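Asks: Using only what follows, build the 3D model:
(one chain, ligands or ions: 1)
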Amino acid sequence: MHEKLERLRSLDRERNLVARIGAVLGWDQETFMPPAGVAERAEQLAMIEGLAHEKGTLPEIGELLAALGSTDANPPGDPSLPPMDRAYLRVVRRGYSRAVKIPKALVEELARAGSLAQAAWAEARQKSDFKAFAPHLSKMLELRLKVAACIDPAKKPYDVFLDDFEPGSTEESIAKVFGELRTELVALLGKIRSRPQVDDALIHRHCPEAAQVALSEWVLDELAFPRDRARLDKSAHPFTTTLGADDVRITSRYHEDFFVSSLFSAMHECGHALYELGMAPAPEYARTSLADSASFGVHESQSRMWENVVGRSEAFWKSRWPKLQATLGDTLRGAGVEDFVRAINKVEPSLIRVEADEVTYGLHIILRFEIESALVSGRLKVEDVPAAWNAKCRELLGVEPANDAEGCLQDVHWSFGGFGYFPSYSLGNLYAAQFWEAMRKDIPGLDASVSTKAGLEAILAWLRRNIHSKAATLLPDELVKSVTGEELSPRHFVKYLREKYGRVYGF
Ligand code: CO
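Replies: Numbers count the residues shown, from 1 in each chain. You can find the predicted model right below:
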């Protein structure tokens, strides 16, 4: 059995190797590639992706899984195997079974239709013309429903999609969590809107790109971003990508009239990078499918914890205020740290998700979840999406888009068929708050400890031990239970918001 496992790991490492070669190409395309390189790069990427798919669906993998007792009904395989090996078989079985059930022709059709749909979406968004995008959205929906039927015809298609992002979640379990969250967020937002608004002019003062880069690099050092295993570059949209177990890249972008955008992007992506760099369940599982995240939501908890819970706290900036002022030169001249902390925590309902604050962000996600789950189940028709979007936006946020570009056309996700992706963003906030509460029991004075570098290192060590090193050995619900002793609940996040925004808005 040992030899079979080792053979499985070596095939898996090969697939992983190919995928990461693709990641190098993708990272280069977003950062340094000259624009004319795009056509040949697309061919290079398609070839690498095809090769990775081939490596991941080899019949030998299926034979090894079967020989180790792993089936769809019993993914962890032989009960006499150690828990780590069984966790590994569960992960490989899930990926393999899903991949081999989808016919190659459907995979190719999805890739083709997806790239056409993405191009159509970009143009439709620019012209704010939903009608031009609607046939592509219908096509992507139709193809994704076919995929769901291949994977598990007995399951609700939306639940099949969720499995790609939050294994084990269902439309029902998410609707329950979001239902509670929605009531609380709407109430909190009402309270905030009854108070005088925060003045955030100081974070819109002019700040040259060079000063922002220096600020990001300094803050990355504070968060123990390991320079020998990771680096920061510039791209149109911030992202994190893993090129190797010891090579993670993050990117940021710079707006000279809004410097905190690059600052918080750097902290956010740093959180993703630290998780990626800490996924070490055991030496024999390095560079395998087990050295991966528990879910997209857990990944997002790591970025949001550093960005919001740590990075938007008063304790973090109070001790670092002189350094922040000095790094930015004239930008913050004459300003005080209290005003800065209030400004970075301003709450204001807006139309655009990626610009939303911590309180309204969840409402943007609930809106998308309600629309996409209705769309997938057939309760909502594609042509009715704009009207449904606008009505929900008014209901949840009290604002209404003037056009579809700032409404239902703002996000790229549906154009590549990423139905079921959005909930992970909001779940990330909930996981982060619940993990933070659990951390309190082990780190005395946790909230104040972020004022020193030693304090931040203790937080990272806790995350390494309890979350990062577990990698994909646990499903997200198992991880939450093992770390916090209870199921995922929105109440920790709600408590965190109430306390924080009570301080910012004085109630
Ligand atoms: Co993120």
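
Asks: Can you tell me how far the residue most central in space within the chain is from residue 322?
Replies: Geometric centre of the chain, nearest residue: residue 300, 4.0 Å, by C-alpha atoms, centre = their mean. From residue 300 over to residue 322 the distance is 32 Å, taken as C-beta to C-beta, to the nearest Å. To be clear about C-beta, it is placed using only N, CA and C from the backbone, and glycine gets the same treatment.

Asks: With residue 453 instead?
Replies: As judged by C-beta to C-beta, residue 453 and residue 322 stand 15 Å apart.

Asks: got it, and residue 372?
Replies: Distance, residue 372 to residue 322, by C-beta to C-beta: 47 Å.

Asks: ok, the two, which is more surrounded?
Replies: The neighbour count for residue 372 versus residue 322, taken as other C-beta atoms under 10 Å, is higher for residue 372 (24 against 9).

Asks: For the longest helix along the chain, which helices and strands make contact with it?
Replies: Longest helix in the chain, counting residues (DSSP state H): helix 2-31. Counting contacts by 3 or more C-beta pairs under 8 Å, 6 or more residues apart in numbering; DSSP states H and E, helix 2-31 packs against helix 38-56, helix 59-67, helix 83-101, strand 240-244, strand 247-252.

Asks: how about residue 206, what does it touch?
Replies: Going by C-beta atoms under 8 Å, 6 or more residues apart in numbering, residue 206 touches 256, 257, 331.

Asks: Of these, select the buried ones using a PyMOL command.
Replies: Burial among those is assessed by 16 or more other C-beta atoms under 10 Å; the matching PyMOL selection reads:
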select buried, resi 331
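
Asks: surely residue 238 meets residue 267?
Replies: No: at 10.5 Å, residue 238 does not count as touching residue 267 under the criterion of C-beta atoms under 8 Å.

Asks: Run through the neighbouring helices and strands of the host helix or strand of residue 315.
Replies: Taking DSSP states H and E as the criterion, residue 315 maps to helix 314-318. Secondary-structure packing of helix 314-318 (3+ C-beta pairs under 8 Å, 6+ apart): helix 337-343, helix 446-449.

Asks: Mean neighbour count, distance to residue 44 and mean pLDDT for those helices - can I get that in CSV?
Replies: Compiled in CSV, the helices and strands packed on helix 314-318 are given as follows (neighbours: other C-beta atoms under 10 Å; distance: least, C-beta to C-beta, whole Å; pLDDT from 0 to 100):
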stretch, mean neighbour count, distance to residue 44, mean pLDDT
helix 337-343, 18, 44, 97
helix 446-449, 17, 46, 98
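
Asks: closest one to residue 81 among these?
Replies: With C-beta to C-beta, the closest approach to residue 81 among those belongs to helix 446-449: 37.8 Å.

Asks: could you point out which element follows the closest one?
Replies: Scanning forward in sequence from helix 446-449 by DSSP H and E, the next helix or strand is helix 453-463.

Asks: That next one: which residues count as buried?
Replies: For helix 453-463, a neighbour-count test (16+ other C-beta under 10 Å) marks 455, 456, 458, 459, 460, 462, 463 as buried.

Asks: ok, of the residues you listed, which one's closest to residue 9?
Replies: Nearest to residue 9 out of the buried residues of helix 453-463 is residue 463 (C-beta to C-beta; 26.0 Å).

Asks: Pull the contacting residues for the closest one.
Replies: 274, 275, 278, 302, 305, 435.

Asks: any idea how far residue 316 lies from residue 451?
Replies: Residue 316 sits 7 Å away from residue 451, going by C-beta to C-beta.

Asks: Same question for residue 139.
Replies: According to C-beta to C-beta, residue 139 and residue 451 sit 53 Å apart.
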